[in-house]
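Undergrad: no FASTA, just this:
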Ligand SMILES: O=C(O)C1CCN(c2ccc(-c3cc(CO)ccc3Cl)cn2)CC1
């Protein structure tokens, strides 16, 4: 048996912050942000934390699929911004929706997290589990250094995910998961300093990113592996992690594929890290661009902090 995506859902915190709003108290401008990133606005959670965003997604998935939480075998949450080290976000979701038969754990692969998590869910189904949730959820707004205009304007909060169920036909037909820890300082966030009787460390400044380094990684390593991954196979849609419009345009050019195959919604959400691909997937299904009738070849590509990156080939 194989995994089949049978429902998708997204949840965005209600507070929308426009570029102009940021420009009121940060030395930036709508013109700079839009021209360099393609971002126009982002959702920033207030009292809601990552577990709240992911719980809303789980509730929507159960309602859409008309299934009972107790019928779930697993819940995997991909996040770089969990509420706690323990309990995991996945366990918090499991308890809040009453999925008392589901094992549950978080997966940390930053912006490649959803691709890693969906591959992991697929592998559980191929080894016998029947049904589970795979969710990407972030509140990176709590990790960001809001004094650093080079990163604070890029990120947004949000969550989205899929219901994955056993089916006798394969639809996630190829996986490629990669990492390069030698470039782990390319995107750093969430350090917990030791402050004990035995050892004391200073706080770190909040999220830092080597933009140039990740830019080159995306255009070189990610593109090269993607070419090997798709080989000569005709692909209908490429759902890329929504980090930056200009980067995606350059990657499409290097792949010699028309930009129409690379849908982008980052104007509305900014970079939502592990949530960006499932938010895009849910919007495309809602808009009818993806029909879920097994006729389309869709590649999901996550890439970012770790460095971690990965591709999945879906026949949706
Ligand atoms: O134009 C400029 O000056 C700047 C140049 C640097 N930029 C970047 C660079 C890298 C990323 C990025 C981030 C992640 C993390 O999710 C993953 C993947 C990527 Cl490609 C996003 N923006 C912004 C505009």
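TA: Everything's here; your move. Just so we're clear, the structure is a prediction, and the values are computed from it rather than from any experiment.
Undergrad: next one: the residue of the stretch 151-300 of the chain found nearest the ligand from residue 94, what distance?
TA: When scored by Cβ to the nearest ligand atom, the stretch 151-300 of the chain has residue 211 as its residue closest to the ligand, at 3.0 Å. Placement of C-beta: from N, CA and C, glycine included. Note on residue 211: its distance to residue 94, by Cβ to Cβ, to the nearest Å, is 37 Å.
Undergrad: so which of these two has more stuff around it?
TA: residue 94 (26 against 15; other Cβ atoms under 10 Å).
Undergrad: which one is that one nearest to, not counting chain neighbours?
TA: residue 104 (4.2 Å; Cβ to Cβ, 6 or more residues apart in numbering).
Undergrad: my hunch is that the one you found is in a strand, does that hold up?
TA: Yes. According to DSSP: H, G, I helix; E, B strand; the rest coil, residue 104 belongs to a strand.
Undergrad: what residues are up against it?
TA: By Cβ atoms under 8 Å, 6 or more residues apart in numbering, the contact list for residue 104 reads 74-77, 88, 90-91, 93-94.
Undergrad: quickly list what it is bridged to.
TA: Here residue 104 sits in beta bridges with residue 75, as judged by DSSP bridges.
Undergrad: distance of it relative to residue 92?
TA: Between residue 104 and residue 92 the computed distance is 9 Å (Cβ to Cβ).
Undergrad: run through the stretch 151-300 of the chain and note the low-pLDDT ranges.
TA: For the stretch 151-300 of the chain, no stretch has pLDDT under 70.
Undergrad: mind redoing it with 90?
TA: Within the stretch 151-300 of the chain, the stretches with pLDDT under 90 are 204-205, 232, 291-294.
Undergrad: kindly report the residues of it close to the ligand.
TA: 154, 187, 211, 214-215, 218, 243-244, 247, 271, 273 (Cβ under 6 Å from any ligand atom).
Undergrad: can we see that at 8 Å?
TA: 154-155, 187, 209, 211-212, 214-215, 217-218, 241, 243-244, 246-247, 271, 273, 276 (Cβ under 8 Å from any ligand atom).
Undergrad: so where do the helices sit in this protein?
TA: Assigned by DSSP state H, the helices in the chain fall at 19-25, 30-37, 50-65, 89-97, 113-126, 149-152, 211-217, 223-230, 245-254, 266-269, 276-286.
Undergrad: which ones are touching residue 241?
TA: Residue 241 is in contact with 111-112, 271, 273, 276-277, 301-304, counting by Cβ under 8 Å, 6+ apart.
Undergrad: try 10 Å
TA: Residues in contact with residue 241 (Cβ atoms under 10 Å, 6 or more residues apart in numbering) are 110-115, 136, 218, 222, 247-248, 266, 271-277, 280, 300-304, 309-310.
Undergrad: next: residue 14.
TA: Taking Cβ under 10 Å, 6+ apart, one finds 43-46, 48 in contact with residue 14.
Undergrad: again, but for residue 111
TA: 78, 80, 136, 138, 187, 214, 241-243, 271-277, 302-309.
Undergrad: what's across from the closest residue to it other than its chain neighbours in the sheet?
TA: Leaving out its chain neighbours, the residue that sits closest to residue 111 by Cβ to Cβ, 6+ apart is residue 304, at 2.7 Å. Beta-bridge partners recorded for residue 304 (DSSP bridges): residue 308.
Undergrad: can you pull the pLDDT of residue 304?
TA: Note on residue 304: pLDDT of 98.
Undergrad: all good on my end, thank you.
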